[in-house]
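Visitor: Have a look at this prediction, sequence included:
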Amino acid sequence: MPTKPRVFLSYARVDRARVAKLAAALTAAGHQLWWDTAIEAGSAFAADIARELDAADVVVVAWSAASVKSAWVLDEAGAGRDRNRLVPVLLDGTPPPLGFRQLHAIDLSNGRERKPAGAAELVRAVERVASSLPLEPAAKVARAAPKLLPWLVGLIALALVAVLGWQMLGPKFTRSDDKPVVAVLPFLDMSAAKGEAYFAEGLAEEILDTLATDTRLKVLGRTTAWAMRDKAGDPAYLRSKFGVTRLLEGSVRGGGADSGGRVKVSVRLIDTKDGAEIWSQVFDRSEANVLAVQEEVAAAVAAQLAGPASGDGKAAHADATSVPPRVYEDILVARQLIRTRQADALQRARVLADTAVGTAPNYAPAYAARSTALVLLTLYGDLPLQPALTDARRDAERAVAIDPRLSEAYAALGNVLISLNDPPGAIAALTRAVKLRPNNSEARMLLGRVMMDNGQLNHAITEFTAAVAADPLWTTPTVNLIRAYGLANQPTKVWEVERAFRALSPDPADAELVESDAAMATGDFARALKLAEAALRRNPKSTNAISSRNNALMPLLGVDQIPLTQRIFWPDAYWQALSGRWEEVARLLLQQGRSVWDDTVQIYLMSYALTDLGRGADLVASFDARFASIAEYTASPAASPGGATLIASAMDKAGRSADATALRGFARARMVRNEAGGLSPSWNAADWATLLLASNDRAGAVAKLEDGLTRNWADVCSGPLWIGDLWPLKPLRGDARFDRVLERCRTAINKQRAQAGLPPAALK
């Protein structure tokens, strides 16, 4: 131990002026003093407190009328008492709260803190405790209060808050239409063993989710709130950057093997306007009833912010009282791993969810997490598609059956149905998820995705915007919003979203990946490639960076630059198509049988390969084996304008002109619908040209391509296939206007390739 002890000084903020006298006396005596004036601006406020409290040889607590009501002071004093390191002082004669009266308190009321005798008594007490000599007992020690008393006090306090909170608050909080904006910071692990961080953070997340169901509040999403932990010491920054009006901080004791079956949660609300603590409370409960703690805390916080709720305000988890605390760790970690969209992280999330399901087979969030991990592993990993989706759907439906009020269960189901090409089912499930929890950014993001893929781009932008507002530092909805504005050919909006994210993001790597997507969406593929490669150099295993690099190389016709080991995310048939191996594409897709017709991209690739190879009869035979009529195909979620026009050409050669006409009519109507929904006509330029060429309208076909070039060259020219090689446009070869289209495309692509450091492409 150092010659002079480390002292932690705990007090209520309103007593700072008087406590400063104590601080001066301790410092003058040579002690290493820490109190919250030592916190640097922008540092992790709560984390600093926890670190210094752990390191302290002595904890001095200044009891007053204000501090005995502060959950934060009570928690800090409890830490000192539990380690036999507490020195209590009385500032105004207010007796210590129950549980702290067994130790003699130094009376510094009536100005004694300013007198030498009072200061000397405090210094002697600090040195005695630091030397492991116990403080003298209180002159009169009352019989210890029953252990049940804190529990009853907590219940009574909660009841008072719920019933009287709004009336007592009066005009202190606004009752205007402006909703309080709340950020729930990750709770601190204050357990003696320091091994329960999962429990603390899991409880904070559950409280966040419960608060988010209260429509009177705006609760920031988890990714954004967790990122604020390092700025908690600067509430004004969070107010100006994110519009946060209230911060909820907390700490947890217990929740582990040495907790004695108790959980003690201390929470406080901070007003970001001036950093003042406006409310605090301690919840001391049985560990077996941890869900009740979550709901009590959320209800009490909501009452402080907006008055008592009219309903029960609870987040239902069926049979949650039987869920071991360990399961909260598994699902908390799994959720965060899922959000990374990294292949190795997703596999870990799946394993954690498996463990949780095995431990708590009636816990709906475990099934929802496993379902989502399975779906994403088919996209970012190498999990076989159909078996994974079958299992994912079963898990999602099980989650909904267990807990029909769990928003995440419907979000998981919607995610599966997107992959199963069931847009109506996905939209219904995701709409339900959003209704249950309007701040569910995951559900809103997925709802936007399915709308974007089904001709409702403007509606998709609305959902993505809401998802970004709920969780502005989560990159996935931001990237989707950028891509949606790109599809709508609104480059100004794309860069507005990118700048807004960069201004908020504390992570340069995230900001670069978002900028890379913005560059992709606006046709600056060279810039996108450089940013993705920079991210990849920092983390060579980042699947997000690999995906961004691949996506940037494809429109540059640079598939040959993608290493075989990084050709992930897509099945082998896709990569064969990008290399022009159409015989292999046809073989791989035909061998899938009927299931090939369940995927939009696979239908297009198989149709393109077979018609290009002169095997239209094989395409028609496969079509007839799957669909009883053209109407059945066009009603399929996998039907698309591009696929329909290719199938129509095969029908023409088979002598089925009526079927060909019906398919082209569907393609025309679908493109009109998509453009009315917000899609830029430049995206459909090649498909419009193909349709017009079927009726020998060469001039009209070229006009569509020229119009697309005028709107956005990248939509018409960029790869992964060179427009000059597309067989449906062969009738235009030799046309002077089409040649000019090709020259403009050739120039634009090679300009981008030069900027990216790639040699010119030999484009016919």
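Guide: Structure received.

Visitor: What's the separation between residue 295 and residue 206?
Guide: 9 Å (Cβ to Cβ, to the nearest Å). No exception for glycine: its C-beta is placed from N, CA and C like everyone else's.

Visitor: So which of these two has more stuff around it?
Guide: residue 206 (25 against 20; other Cβ atoms under 10 Å).

Visitor: Figure out how far the helix or strand containing residue 200 is from the centre of its chain.
Guide: Using DSSP states H and E, residue 200 maps to helix 197-212. Remark: helix 197-212 is offset 14 Å from the chain centroid, using Cα atoms, centre = their mean, to the nearest Å.

Visitor: helices or strands up against it?
Guide: In terms of contacts (3 or more Cβ pairs under 8 Å, 6 or more residues apart in numbering; DSSP states H and E), helix 197-212 is packed against strand 181-184, strand 188-189, strand 218-219, helix 222-227, strand 246-254, helix 290-306, helix 325-340.

Visitor: Mind listing the strands the fifth one pairs with, and their directions?
Guide: Same thing as strand 246-254. Using DSSP bridges, the strands paired with strand 246-254 are strand 181-184 (parallel), strand 188-189 (parallel), strand 262-271 (antiparallel).

Visitor: which of these sits most buried?
Guide: A comparison of those by mean neighbour count, using mean count of other Cβ atoms under 10 Å, puts strand 181-184 on top with a mean of 25.

Visitor: Please export the C-alpha coordinates of it as CSV.
Guide: What follows is strand 181-184, C-alpha atoms only, in CSV (Å, rounded to 0.1, in the frame of the first residue of the first chain):
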residue,chain,number,x,y,z
VAL,A,181,-35.1,11.5,-25.9
VAL,A,182,-33.6,8.8,-23.7
ALA,A,183,-30.2,7.0,-24.0
VAL,A,184,-29.8,4.0,-21.8
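
Visitor: State the mean pLDDT of that strand.
Guide: The average pLDDT for strand 181-184 rounds to 88.

Visitor: swap in stretch 404-413?
Guide: Rounded mean pLDDT across stretch 404-413 is 95.

Visitor: what's the span of stretch 431-451, first residue to last?
Guide: 11 Å (Cα to Cα, to the nearest Å).

Visitor: what's next to that stretch, contact-wise?
Guide: Residues outside stretch 431-451 that contact it (Cβ atoms under 8 Å, 6 or more residues apart in numbering): 209, 212-213, 215, 218-219, 221, 405-411, 414-415, 418, 423, 426-427, 430, 457, 459-464, 466-468, 470-471, 474, 476-477, 480-481, 484.

Visitor: Quick check on those residues: which are buried?
Guide: For those, a burial check counting by 16 or more other Cβ atoms under 10 Å picks out 209, 212-213, 218-219, 221, 405-411, 414-415, 418, 423, 426-427, 430, 457, 459-464, 466-468, 470-471, 474, 476-477, 480-481, 484.

Visitor: In helices, which of those residues appear?
Guide: 209, 212, 407-411, 414-415, 418, 423, 426-427, 430, 457, 459-464, 466-468, 470, 476-477, 480-481, 484 (DSSP state H).

Visitor: wait, residue 682 sits on residue 706?
Guide: No: judged on Cβ atoms under 8 Å, residue 682 makes no contact with residue 706 at a distance of 10.6 Å.

Visitor: Looking at those two, which is more packed in?
Guide: residue 682 (22 against 18).

Visitor: Could you check how far residue 10 is from residue 429?
Guide: Taking Cβ to Cβ, one finds residue 10 at 49 Å from residue 429.

Visitor: same check, this time on residue 387
Guide: In terms of Cβ to Cβ, residue 387 sits 21 Å off from residue 429.

Visitor: do the same with residue 555
Guide: Taking Cβ to Cβ, one finds residue 555 at 33 Å from residue 429.

Visitor: Looking at these two, which one has more neighbours?
Guide: Between residue 555 and residue 429, counted using other Cβ under 10 Å, residue 429 has the larger neighbour count: 27 against 20.
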